[in-house]
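# Sequence and predicted structure below; questions after.
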Amino acid sequence: RKAVSLDGTLYNKSGTISGGASDLKAKAKRWDEKQVETLRRQRDRYLEQIKELVVIRRKSPELQTLQSQIIGLETRLKYSKKDREHTCDKQLAQNEKNDQLISRELQEIEPRMINIQSSIDTRAREMAKLETKINKVEDEVFRDFCRTIGVSNIRQYEEKQLRSQQERKQKRLEFANQVSRLENQLAYERK
């Protein structure tokens with residue numbers, strides 16, 4: 001006698017079991033392990049690819065932002081270059097205009113400068129003549145005084161007096177410095 005279950009398993013009287021779901025499971029298991037391993041590897045590869053795509057997708061807005069920033073910067077650079085060129089051209093034209101103006105002014109000033117220099121030279125000669133006259137008058141007025149002190153003219157006396165006065169002033173200053181230094185040294189030694 002034999003009995004067959006609903007899932008197709010055959011039960012013999014001797015106690016052997018064959019066919020049905022258990023045999024099918026064993027055969028399926030043998031084939032499924034290889035396929036499962038292959039499928040797992042495929043799944044792992046697909047998961048890695050998905051992760052990479054997710055990373056790329058996340059960076060896509062950032063990339064778009066960077067690209068738009070690059071476009072904006074390139075536009076600003078283009079306008080800045082044009083503005084610089086325009087400014088340089090304008091400045092160059094202004095500088096040339098200024099150079100021409102200065103050249104004209106120099107040409108106008110030069111004759112006036114020559115006239116002024118001539119006037120200055122004339123006045124210097126007149127002043128030298130007047131100084132000579134003044135010296136003669138001083139020499140006549142102070143002749144007796146100069147003979148008594150033994151100098152040829154009053155200017156020599158004034159120069160000598162001025163020099164000796166400056167020397168006295170310098171010696172007083174040196175003396176005051178020396179006194180101050182000695183007082184400081186004395187105060188230091190008393191402490």
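It's in.
# element containing residue 152?
Following DSSP states H and E, there is no helix or strand that holds residue 152.
# May I ask which helix or strand of this protein has the lowest mean pLDDT?
Taking mean pLDDT, DSSP states H and E as the measure, the helix or strand of the chain with the lowest value is strand 17-19, at a mean of 69.
# Remind me what whatever helix or strand comes next after that one packs against, helices and strands.
Next along the chain after strand 17-19, taking DSSP H and E as the criterion, comes helix 20-141. If you count contacts as 3 or more CB pairs under 8 Å, 6 or more residues apart in numbering; DSSP states H and E, helix 20-141 packs onto strand 9-12, helix 154-190. Every residue, glycine included, has its C-beta placed from N, CA and C.
# Rounded mean pLDDT for helix 20-141, please.
The pLDDT scores in helix 20-141 average 85.
# Show me which residues of the very next helix or strand once past it are buried.
Using DSSP H and E, the helix or strand that directly follows helix 20-141 along the chain is helix 143-149. Across helix 143-149, burial judged by 16 or more other CB atoms under 10 Å covers residue 146.
# Which strands and helices lie in contact with helix 143-149?
Contact here means 3+ CB pairs under 8 Å, 6+ apart; on that basis helix 143-149 packs against helix 154-190.
# For the helix it packs on, name the packing helices and strands.
In this structure, helix 154-190 makes packing contacts with helix 20-141, helix 143-149, judged by 3+ CB pairs under 8 Å, 6+ apart.
# what angle separates it from helix 20-141?
Between helix 154-190 and helix 20-141, the angle comes out at 130 degrees (axes from the mean of the first three to the mean of the last three CA atoms, to 10 degrees).
# May I see the buried residues of helix 154-190?
For helix 154-190, the neighbour count (16+ other CB under 10 Å) marks 154, 157 as buried.
# Now do that helix: distance to the chain's middle.
Put simply, helix 154-190 sits 53 Å off its chain's centre (CA atoms, centre = their mean, to the nearest Å).
# Stretch 4-15 now?
Per CA atoms, centre = their mean, the displacement of stretch 4-15 from the mean C-alpha position of its chain is 95 Å.
# ditto for stretch 42-50
Relative to its chain's centre, stretch 42-50 lies at 53 Å (CA atoms, centre = their mean).
# Using PDB, write out every CA atom in it.
Presented in PDB, the C-alpha positions along stretch 42-50 are these (Å, rounded to 0.1, in the frame of the first residue of the first chain):
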ATOM      1  CA  GLN A  42      24.000  40.900  -9.000                       C
ATOM      2  CA  ARG A  43      22.000  42.500  -6.200                       C
ATOM      3  CA  ASP A  44      25.100  43.800  -4.500                       C
ATOM      4  CA  ARG A  45      26.400  45.300  -7.800                       C
ATOM      5  CA  TYR A  46      23.000  46.900  -8.400                       C
ATOM      6  CA  LEU A  47      22.900  48.200  -4.800                       C
ATOM      7  CA  GLU A  48      26.400  49.800  -5.300                       C
ATOM      8  CA  GLN A  49      25.300  51.300  -8.600                       C
ATOM      9  CA  ILE A  50      22.200  52.700  -6.900                       C
END
